[in-house]
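Asks: Dropping a prediction and its sequence here:
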Amino acid sequence: MTVKNIVDQIESLYGRQSHIYVMQLINDALLDIASEKQHYVVEEKISLTSGKRWYDLPADCIDIVKVEILDSNSRYNLIPKLADYHRLLKSDPDSGTGDVS
Amino acid sequence: MAKRDTPNTYFAWYNDDDRLAVVVRQESSDSSKGTTSGEYDTYLDSTVSNGIQLTMHSKYEELTEVTDDLQVDAKLDSVMHTYVLDYVKSRLLEDMGQIEASQYFRKRFQVGVARKPSRKSGVRVLAVPEL
């Protein structure tokens, strides 16, 4: 179904409508659906940078499914999520000094 | 480089609201860096282009043209398309002051979205601990 199909159906019921406004409403609907159901899975590649701990997540990201690291055989390996980082980690060198814990 | 031979042994990740942190387990203590063996610290080896692959749930793509397709361009499952129509009707009727009719379509939208099953994949097993 295209935006035009929706506009046509809406106009046949409610008369002439602004296409831009209807498109905005469709985008609002997509945001509402995304907040309820996470069906759209995307993969993104980022460079692993020496000395960098924090990487900005894409603005469209709702939640992280998995993170993989490119191994020395050029294959991506799944890595675990660190659950108790507040006890394990030393300070974040990007933001200052002092232990996290 | 050795750590990237078996990344799942050394690397780990965590996140805050809008950032991802990638850290590496230290193999030995280093008093100059203030780290001890087994602790996690920032990756300090050579930079690797496309070295991190992030899989995430994403918002749908924004539509910008009247010719854009909900499935092809927004990546919305075709089952959900009628719910988008319900949402648009609800908002337009709200603008027209027809609140009761608006709520009818809003309810249809909400029930439809809630009823749509999550896409399931992979093998399902019971995580029974070994005693």
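Replies: Sure, I can see it.
Asks: From here on, just use CA atoms for contacts and neighbour counts.
Replies: OK.
Asks: Now A:Y76: closest residue in space, sequence neighbours ignored.
Replies: Spatial nearest neighbour of A:Y76, chain neighbours left out: A:L70 (4.3 Å); criterion: C-alpha to C-alpha, 6 or more residues apart in numbering or on different chains.
Asks: for that neighbour, phi and psi?
Replies: The phi/psi pair for A:L70 (degrees, to the nearest 10) reads phi -70, psi 120.
Asks: quick one: low-confidence parts of the chain?
Replies: Let's take chain A. Chain A contains residues with pLDDT under 70 at A:85-101.
Asks: that's the wrong chain, I meant chain B
Replies: For chain B, residues meeting the criterion pLDDT under 70 lie at B:1-2, B:29-37, B:117-125, B:130-131.
Asks: where along it do the helices fall?
Replies: B:7-10, B:81-95, B:99-115 (DSSP state H).
Asks: who does the first one touch, helix- and strand-wise?
Replies: Using 3 or more C-alpha pairs under 8 Å, 6 or more residues apart in numbering or on different chains; DSSP states H and E as the contact test, the elements touching helix B:7-10 are strand A:76-78.
Asks: what about stretch B:39-56 and chain A, any contact?
Replies: Yes. Residues of stretch B:39-56 contacting chain A under C-alpha under 8 Å from any C-alpha of the partner chain: B:39-56.
Asks: Can you tell me what sits against that stretch?
Replies: Contacts with stretch B:39-56, where a contact means C-alpha atoms under 8 Å, 6 or more residues apart in numbering or on different chains, come from A:41-53, A:61-70, A:76, A:88-90, A:92-93, B:1, B:22-26, B:35.
Asks: Buried only: go through those for me.
Replies: Buried by 16 or more other C-alpha atoms under 10 Å in any protein chain shown: A:41-42, A:45-46, A:48-49, A:51-53, A:61-64, A:66-70, A:76, A:88-90, A:92, B:22-26, B:35, out of the contacts of stretch B:39-56.
Asks: mind listing what the residue nearest the centre of chain A touches?
Replies: Centroid check for chain A by C-alpha atoms, centre = their mean gives A:C61 as the closest residue, at 1.0 Å. Neighbour list for A:C61: B:M56, B:H57, B:S58, B:K59 [criterion: C-alpha under 8 Å, 6+ apart].
Asks: what's around the first one, how many residues?
Replies: A count of neighbours around B:M56, defined by other C-alpha atoms under 10 Å in any protein chain shown, yields 22.
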